[in-house]
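Enquirer: need coordinates for the below:
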Amino acid sequence: MSNHTADLLRKAKDRIGTPEKWAKEHFFSAFSGYDLRDFETFPDDCPACALGASAWATGSKGVTTVDEALTASLPNGFDYVDDFNDHPDTTHADIMALFDRAITAEESTS
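Expert: Predicted coordinates for the structure are as follows:
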């Protein structure tokens, strides 16, 4: 992967950088009323989950290098980013740490 992936991870992390911007739901929060397929309409304050932030940062609904980097950085016991994001015990700080691990891993391979 690359520094480009690390930059996209930072962009996605910043997108959900406060607890108010993060959601425990797949992609963009269901109550927001925004459609993932129309990236241009998302306001900056629309809450997103980790994968939603990734999709927003990359402009892609498909699996990207950002998704792969996040998956590789998951804590033991989790195989999918959305399962970790939505787990009842997962906090915003846990998600920020996930992004930090992925960024560090990407930077070390560049």
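Enquirer: pull the longest helix belonging to the chain out as CSV, backbone CA atoms only.
Expert: For the chain, the longest helix by residue count, based on DSSP state H, is helix 92-109. Extracted as CSV, the C-alpha positions of helix 92-109 are listed here (Å, rounded to 0.1, in the frame of the first residue of the first chain):
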residue,chain,number,x,y,z
HIS,A,92,-15.0,6.5,19.6
ALA,A,93,-11.5,6.3,21.1
ASP,A,94,-11.3,2.7,20.0
ILE,A,95,-12.1,3.7,16.4
MET,A,96,-9.6,6.5,16.5
ALA,A,97,-7.0,4.0,17.7
LEU,A,98,-7.9,1.7,14.9
PHE,A,99,-7.2,4.4,12.4
ASP,A,100,-4.0,5.3,14.1
ARG,A,101,-2.8,1.7,13.9
ALA,A,102,-3.7,1.5,10.2
ILE,A,103,-2.0,4.8,9.5
THR,A,104,1.2,3.7,11.3
ALA,A,105,1.2,0.4,9.4
GLU,A,106,0.8,2.1,6.1
GLU,A,107,3.6,4.6,6.8
SER,A,108,5.9,1.8,7.8
THR,A,109,5.4,0.0,4.5
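Enquirer: in it, what counts as buried?
Expert: Buried positions in helix 92-109, judged by neighbour count with 16 or more other C-beta atoms under 10 Å: Ile95, Met96, Leu98, Phe99, Arg101, Ala102, Ile103, Ala105, Glu106. Glycine gets a C-beta too; all of them are placed from N, C-alpha and C.
Enquirer: just the residues contacting that helix, thanks.
Expert: 1-3, 5-6, 9-10, 12-13, 16-19, 22, 50, 66, 69-70, 72-75, 81, 84-85 (C-beta atoms under 8 Å, 6 or more residues apart in numbering).
Enquirer: let's see which of these end up in helices.
Expert: Of the positions in the contacts of helix 92-109, 3, 5-6, 9-10, 12-13, 50, 66, 69-70, 72, 81, 84-85 sit in helices, assigned by DSSP H.
Enquirer: nearest to Ala57 among these?
Expert: The closest of the ones in helices among the contacts of helix 92-109 to Ala57 turns out to be Ala12 (C-beta to C-beta; 3.8 Å).
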